[in-house]
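Student: how would this look folded up:
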Amino acid sequence: MNILVTGGTGFVGKPLVEALLSRGDTVTVLTRSIEKAQAVFSEKTPQFLTTLSTLKNLNAFNAVINLAGESIFDKKWTTQQKEKLRHSRIDLTQQVIQLINQSEHPPVLISGSATGIYGNCGEDVITEDTNLGIQFTSQLCIDWENAAKQANTRVCLVRTGLVLSPKGGAFAKILPFYRFGLGGKLGNGEQYWSWIALEDMVKGLLFLLEHNACEGAFNFTAPHPVKNGTFNQLLGKALHRPCFAQVPQFLLTTILGESACILLDSQNAYPKHLLDCGFTFQYSELSDYFHKIL
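Tutor: Next comes the predicted model:
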């Protein structure tokens, strides 16, 4: 297959591109800097594209995997940063959709989203049919998905939870604290964290690509989410380290501002549509994953 990937040098994008290349696909990565992008890939190297403006359509591609977007957790959500988060996702998606709709043979679209679309749901089990939230993260994902839905092709919307890997992302940032015995629960620890191993994230994207029956929204989360307090205990146990610290909610809110909701909101998400389509997780239990990687 000939596949266009946006966000192809990122935490999820890089291993996805490597997996596509390993199975023999032709991959083109949209990037602002070819030099920097080339440095990311050490062995097999994809093709690179610096702008979509040179294209009139996407007839040359069988699929587009749209993962690009400003990191949502790196900076405080000022008004300016919120606009940057929106434009980095929605504007690019609209460009992609315009090219798809100008194609005689429109490629399949797999487009990013997040479980933040549901907002804070407490103990309730979340499936893809659950009502959507009203806070900033919810509206951001809703608008992002609505842009993708305008494509005249098969569209899969990937609502991603916390992606786990010791090699990158939020988990890699907190892991050193646990190794030094400084881990602890956030707030009261009762909020559900819906997680997915990076290996299953990549495997799931390939699954959507290969199965034409897959369409619509998909929760990319392991079947067994855990509360933050349980996450804390399991990680400490796997590392043989104490994890008795606690970061109060008010302190997180003071430090992170509105973006603290990413850590404090409860999302007990269940990947109903993925499982119904026949996808099998490599890691469905968090304890198994921790013991495997640590």
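Student: State which helix of this structure is the longest.
Tutor: In the chain, assigned by DSSP state H, the helix with the most residues is helix 79-101.
Student: What is the distance between the helix or strand just after that helix and the centre of its chain?
Tutor: The C-terminal neighbour of helix 79-101 among helices and strands, as given by DSSP states H and E, is strand 108-114. From the chain centre to the centre of strand 108-114 is a distance of 10 Å (CA atoms, centre = their mean, to the nearest Å).
Student: Return the angle between stretch directions for strand 108-114 and helix 79-101.
Tutor: 160 degrees (axes from the mean of the first three to the mean of the last three CA atoms, to 10 degrees).
Student: ok, strand 108-114: who's next to it in the sheet?
Tutor: strand 63-66 (parallel), strand 155-160 (parallel) (DSSP bridges).
Student: count of residues packed around the residue lying closest to residue 40 once chain neighbours are set aside?
Tutor: Closest residue to residue 40 apart from its sequence neighbours, by CB to CB, 6 or more residues apart in numbering: residue 9 at 4.6 Å. (Each C-beta comes from the backbone N, C-alpha and C, glycine too.) Close neighbours of residue 9, defined as other CB atoms under 10 Å, add up to 23.
Student: Could you identify which of the strands paired with strand 108-114 is most buried?
Tutor: Among the strands paired with strand 108-114, the stretch with the highest mean neighbour count (mean count of other CB atoms under 10 Å) is strand 63-66, at a mean of 26.
Student: Restricting to C-alpha, output stretch 19-36 in PDB.
Tutor: C-alpha atoms of stretch 19-36 as PDB (Å, rounded to 0.1, in the frame of the first residue of the first chain):
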ATOM      1  CA  ALA A  19       5.900  -1.100  11.100                       C
ATOM      2  CA  LEU A  20       4.500  -0.100   7.800                       C
ATOM      3  CA  LEU A  21       7.900  -0.100   6.100                       C
ATOM      4  CA  SER A  22       8.800  -3.500   7.700                       C
ATOM      5  CA  ARG A  23       5.700  -5.000   6.000                       C
ATOM      6  CA  GLY A  24       6.600  -3.600   2.600                       C
ATOM      7  CA  ASP A  25       4.400  -0.500   2.400                       C
ATOM      8  CA  THR A  26       5.500   2.700   0.700                       C
ATOM      9  CA  VAL A  27       5.200   5.500   3.300                       C
ATOM     10  CA  THR A  28       5.300   9.300   2.800                       C
ATOM     11  CA  VAL A  29       5.700  11.300   6.000                       C
ATOM     12  CA  LEU A  30       4.500  14.900   6.100                       C
ATOM     13  CA  THR A  31       7.100  17.000   7.900                       C
ATOM     14  CA  ARG A  32       8.200  20.600   8.300                       C
ATOM     15  CA  SER A  33      11.900  19.600   8.200                       C
ATOM     16  CA  ILE A  34      13.200  16.700   6.100                       C
ATOM     17  CA  GLU A  35      16.600  16.900   7.800                       C
ATOM     18  CA  LYS A  36      15.100  16.400  11.200                       C
END
